[in-house]
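*Asks:* I'd like to go over a predicted model; first the sequence, then the structure.
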Amino acid sequence: MIPIEGHKNLFRDEKSGAIVNSDTFEYNQYIRMKKERQKQKDEINELKTDVQQIKNLLMELINEHRSRQDWTRKLKQKFWIF
């Protein structure tokens, strides 16, 4: 590994040419932040699912209410109830 000038924790891999950071604290911090972002994404997806379920239930209620209104209207028309 070849040290990168001006950066005490950075090295260049001789075979691949990749830059390698040898600072384990920064690496662990990166992993922690990555996990936190994934947790936030999972929570957002769960909320989206919850909202969709609520919308579906509301549509069911609306349709059921409309169906009952239609049934009541037909019943009133049939028996001339006002």
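*Replies:* Good, I have the coordinates.

*Asks:* pLDDT averaged over whichever helix or strand Thr49 is part of - what is it?
*Replies:* Using DSSP states H and E, Thr49 sits in helix 24-79. Helix 24-79 shows a mean pLDDT of 92.

*Asks:* Report all helices and strands that it contacts.
*Replies:* Contact partners of helix 24-79 among helices and strands, from 3 or more CB pairs under 8 Å, 6 or more residues apart in numbering; DSSP states H and E: none. C-betas here are computed from N, CA, C, even on glycine.

*Asks:* go with 10 Å
*Replies:* Contacts defined by 3 or more CB pairs under 10 Å, 6 or more residues apart in numbering; DSSP states H and E place helix 24-79 against strand 7-12.

*Asks:* what about the strand it packs on, distance to the chain center?
*Replies:* Centroid displacement of strand 7-12 relative to its chain, using CA atoms, centre = their mean, to the nearest Å, is 36 Å.

*Asks:* Can you list the buried residues in the next helix or strand after it?
*Replies:* Counting by DSSP H and E, the element after strand 7-12 in chain order, helix or strand, is strand 19-21. By neighbour count on 16 or more other CB atoms under 10 Å, the buried set for strand 19-21 is empty.

*Asks:* Now do strand 19-21: which elements does it pack against?
*Replies:* strand 2-4, strand 7-12.

*Asks:* Out of the ones you listed, the one nearest Leu58 is which?
*Replies:* strand 7-12 (54.7 Å; CB to CB).

*Asks:* Parallel or antiparallel, list what pairs with that closest one.
*Replies:* Sheet pairing of strand 7-12 (DSSP bridges) gives strand 2-4 (antiparallel), strand 19-21 (antiparallel).
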